[in-house]
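Undergrad: Structure here, sequence nowhere to be found:
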DNA sequence: TTAGGGTTAG
């Protein structure tokens, strides 16, 4: 409804305040204006708080004129309940509902309350209301079932979902477009993609949402090619179809495809909404594409989507993952300084900022940000502690981290989970406290998973503790036989001590089990273009003579290749030849050639940076007087004037 | 009334 229409109604109401039909469109207007938690930002200047005030005023007017709930016709009653529900005031909605006799409540009144509980309340209460309908012989309709099916999804109950589907069939409601789509969605989200596909193939009433449900389903199980096929076959696509594909690709690690699709969507003239923006930003963070991230930020600003908390948090995370802490902090300050912010949003915002400091090796800021959060009276959650512990680990703040871990349950009321055990094993393991780390694993209240043993193996690898490393590796080979990373870590440890017969044995195991090693690669963005470097083949972007020239200059400055990690028992010369062609070194050579001297060289690598590349990068930052930022699979290294932000602890 | 969404380890 447009604003002038509202004014016309208000004028009518002013002249004849007892004329009930005038109230209905007003409550409807309020419902349509509500932002579902203030996130949509329609832009007419009505905040949810002011809409709730208006709802209460209008409701009070009705009561003052003698219209209590029993005298209000059910259609208007359902509109008032809907208005309260959409503004998340479920108490008022429920109170109003309970002030009428349940036997006179009809389907539309129930539907209004069910909708509110399904969106903002609990699935249990939603289903209780559904049962109450049944007990009172009030028939559910095509408006009821989508919310009931949504509740089955929330409860992760396939059995319940199947029963509700049966009821739809009995009532003949399965042919309804909305009910049909919701049934499909229920099967797809509860792991029955084949049933979803079967329904999709068999139903005649299909619209863009039916396609979107199936596409999202395939993406959720990692079947990007089937999802792409469906997407390509669609004759009509809407913003949800595009967003589903973008987010699915990003979540399946196909960040570059996700970003390309976002641009393709824009070219087709489809306007992104805030969900599209928060779906594409993680893709920029994944590949550390600061240029794309900034471009999308500008775009979000031009669409006035940047004020939405979820967008700000996604931006903050993206900047953190792109190594731009100044921009990250700017987003953080904007969200946290706003009045009346939702506490949940604030917690997520702090979690993200803590993580961003952690990735960038700013341990002191990790701790102060956490303490600031506590000082504001916010309750940390499980994610906070993962960010906090790993953030302190990256900076070697072991005592602080260990103290927080020990106080998690007693002081902060957060139960340590597997993730937290992985973090604390990593924390202790990295600084050589491997016996303690192993003791923690032995005392865990749950069976240690691969993440925990992986953290221990990582610690053993840095500390060169083969005895415990072998124990961890054995467990990992049982648990995740096809993860090549574990074989590589153990191989490296054997190679370092010259036990090449064990290296060869592991290599044979990899071959026999057809396990593919994850080849190392690095990439770099220069003037909007992304360049990929691999160590296995000659680079099309860096010629041999450039590389030799750089190596000569570096050797003059004191560089000596650290070849301890070479897995082959070959000559030192051959080892040096291999080490100098590591992908991040090729990227750096390219960056020095192509980038302006004032520009930071930003390299991203898919694996952990090796000791030699770390030493080399430190020296190159000094010899060539360049600021270098390398993001490896775990964290950032900011190199400047011969030293690294990680202080050689990573 | 249905479909897409922000934070977390190695």
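TA: Looks like it arrived, so ask away. Predicted model, so just to flag it, every value in this text is computed and none were measured.
Undergrad: Is DNA strand B within reach of the helix or strand harbouring residue A:455?
TA: Here residue A:455, judged by DSSP states H and E, is contained in helix A:450-463. Yes - contact of helix A:450-463 with DNA strand B (Cβ under 7 Å from any atom of the strand) involves A:450, A:451, A:452, A:454, A:455, A:458. (Each C-beta comes from the backbone N, C-alpha and C, glycine too.)
Undergrad: how far away is residue A:449 from residue A:418?
TA: Distance from residue A:449 to residue A:418, counting by Cβ to Cβ, to the nearest Å: 5 Å.
Undergrad: Quick one: name whatever helix or strand follows the helix or strand containing residue A:264.
TA: Here residue A:264 sits within helix A:255-267, counting by DSSP H and E. As assigned by DSSP H and E, the chain's next helix or strand after helix A:255-267 is helix A:274-286.
Undergrad: what inclination does whatever helix or strand comes next after that next one have with respect to helix A:255-267?
TA: Per DSSP H and E, the first helix or strand lying C-terminal to helix A:274-286 is helix A:290-302. Here helix A:290-302 points in a direction 30 degrees away from that of helix A:255-267 (axes from the mean of the first three to the mean of the last three Cα atoms, to 10 degrees).
Undergrad: Tell me how far helix A:290-302 lies from the chain's centre.
TA: Distance, stretch centre to chain centre, for helix A:290-302: 18 Å (Cα atoms, centre = their mean, to the nearest Å).
Undergrad: Now it: buried residues?
TA: A:290, A:291, A:292, A:293, A:294, A:295, A:296, A:297, A:299, A:300 (16 or more other Cβ atoms under 10 Å).
Undergrad: tell me which residues of stretch A:218-225 are tucked away?
TA: Buried, per 16+ other Cβ under 10 Å, within stretch A:218-225: A:218, A:219, A:220, A:223, A:224.
Undergrad: so does the helix or strand containing the second one get close to DNA strand B?
TA: To tie it back to what came earlier, the one meant is residue A:219. Counting by DSSP H and E, the secondary-structure element that holds residue A:219 is helix A:208-220. Yes - contact of helix A:208-220 with DNA strand B (Cβ under 7 Å from any atom of the strand) involves A:208, A:209, A:210, A:212, A:213, A:216.
Undergrad: so what's the fifth one scoring on pLDDT?
TA: This points to residue A:213. On the pLDDT scale, residue A:213 is placed at 97.
Undergrad: so what does the helix or strand containing residue A:26 touch, helix or strand wise?
TA: Element membership for residue A:26, per DSSP H and E: helix A:23-33. Judged by 3 or more Cβ pairs under 8 Å, 6 or more residues apart in numbering; DSSP states H and E, the packing partners of helix A:23-33 are helix A:3-15, helix A:48-64, helix A:74-86.
Undergrad: between those, which one is nearest to residue A:563?
TA: Nearest of the helices and strands packed on helix A:23-33 to residue A:563, taken as Cβ to Cβ: helix A:48-64 at 62.8 Å.
Undergrad: Show me the one of the helices and strands packed on helix A:23-33 that comes nearest residue A:351.
TA: Nearest to residue A:351, of those and by Cβ to Cβ, is helix A:48-64 at 24.2 Å.
Undergrad: so after the helix holding residue A:455, what's the next helix or strand?
TA: Downstream of helix A:450-463, the first helix or strand assigned by DSSP H and E is helix A:466-479.
Undergrad: Could you check that next one and say which residues are buried?
TA: Of all the residues in helix A:466-479, those buried under the rule 16+ other Cβ under 10 Å are A:466, A:468, A:469, A:470, A:471, A:472, A:473, A:475, A:476, A:477.
Undergrad: a markdown table please, covering these and showing pLDDT and distance to residue A:244.
TA: As requested, those are arranged in a markdown table below (pLDDT from 0 to 100; distance: Cβ to Cβ, whole Å):
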| residue | pLDDT | distance to residue A:244 |
| --- | --- | --- |
| A:466 | 93 | 48 |
| A:468 | 94 | 45 |
| A:469 | 95 | 43 |
| A:470 | 95 | 45 |
| A:471 | 94 | 44 |
| A:472 | 95 | 39 |
| A:473 | 95 | 40 |
| A:475 | 95 | 38 |
| A:476 | 95 | 35 |
| A:477 | 93 | 37 |
